[in-house]
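A.B. asks: Pasting the sequence and the predicted model now:
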Amino acid sequence: MYNMELNANQYETLLKLIAFGGWMAQGGEMGSDDTVEDLQQLVLSYARDFGKNDKVEYDEEIEAFALEANMNEQFTALISEYEEESFWDQLIFRMANRDAVVEMEKNSLSEEEAYVKFEEYVEQYEEEFDNHGLDHLMLSE
């Protein structure tokens with residue numbers, strides 16, 4: 001067993017990290033990993049010791065600690081921002097990769113040439129989605 005010393009500000013940062021880390025480790029399904037949940041509960045249980053009762057509440061009904069409503073709203077807003085940004089990054093990357101691979105196979109490009117094409121496609125898709133969102137995106141057969 002190891003001990004760690006934190007000040008109140010560091011503890012509050014740890015609360016945020018434990019919330020984000022738990023969300024990510026559980027694939028967005030809070031409560032799906034007992035090991036993660038147990039660690040989250042342990043960290044949240046120290047809120048009173050750090051003078052952060054305003055950040056954590058104890059739910060008698062489910063007998064568990066949770067971030068208080070305002071902090072949970074901030075967490076949820078940051079998750080939404082992350083998901084939005086991640087969506088566009090993944091869409092652009094996957095479409096650019098698909099198109100570069102097709103062009104590589106069709107035109108017998110080297111990997112270096114295909115990578116240059118990939119970067120060009122990334123730029124094109126970034127500009128398109130920045131200007132038009134999904135409005136021009138259509139599926140064809």
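C.D. replies: Thanks, I have it. Numbers count the residues shown, from 1 in each chain.

A.B. asks: Now the helix ranked longest in the chain: average pLDDT?
C.D. replies: If you go by DSSP state H, the chain has its longest helix at helix 69-107. Averaging pLDDT along helix 69-107 yields 94.

A.B. asks: What helices and strands are in contact with it?
C.D. replies: If contacts are counted by 3 or more Cβ pairs under 8 Å, 6 or more residues apart in numbering; DSSP states H and E, helix 69-107 sits against helix 8-25, helix 111-132. (Glycine included, C-beta is placed from N, CA and C.)

A.B. asks: which parts of that helix are buried?
C.D. replies: Using 16 or more other Cβ atoms under 10 Å as the test for burial, helix 69-107 gives 71, 75, 92, 95, 96, 99, 100, 103, 104.

A.B. asks: Domain-wise, how is this protein divided?
C.D. replies: As given by automatic domain parsing, the domain ranges for the chain are 8-67, 84-132.

A.B. asks: Point out the one among those domains that comes closest to residue 2.
C.D. replies: domain 8-67 (13.3 Å; Cβ to Cβ).

A.B. asks: where's the residue nearest to the spatial centre of the chain relative to residue 75, distance?
C.D. replies: The chain has residue 82 as the residue nearest its centroid, 5.0 Å off, counting by Cα atoms, centre = their mean. In this view, residue 82 and residue 75 are 11 Å apart by Cβ to Cβ, to the nearest Å.
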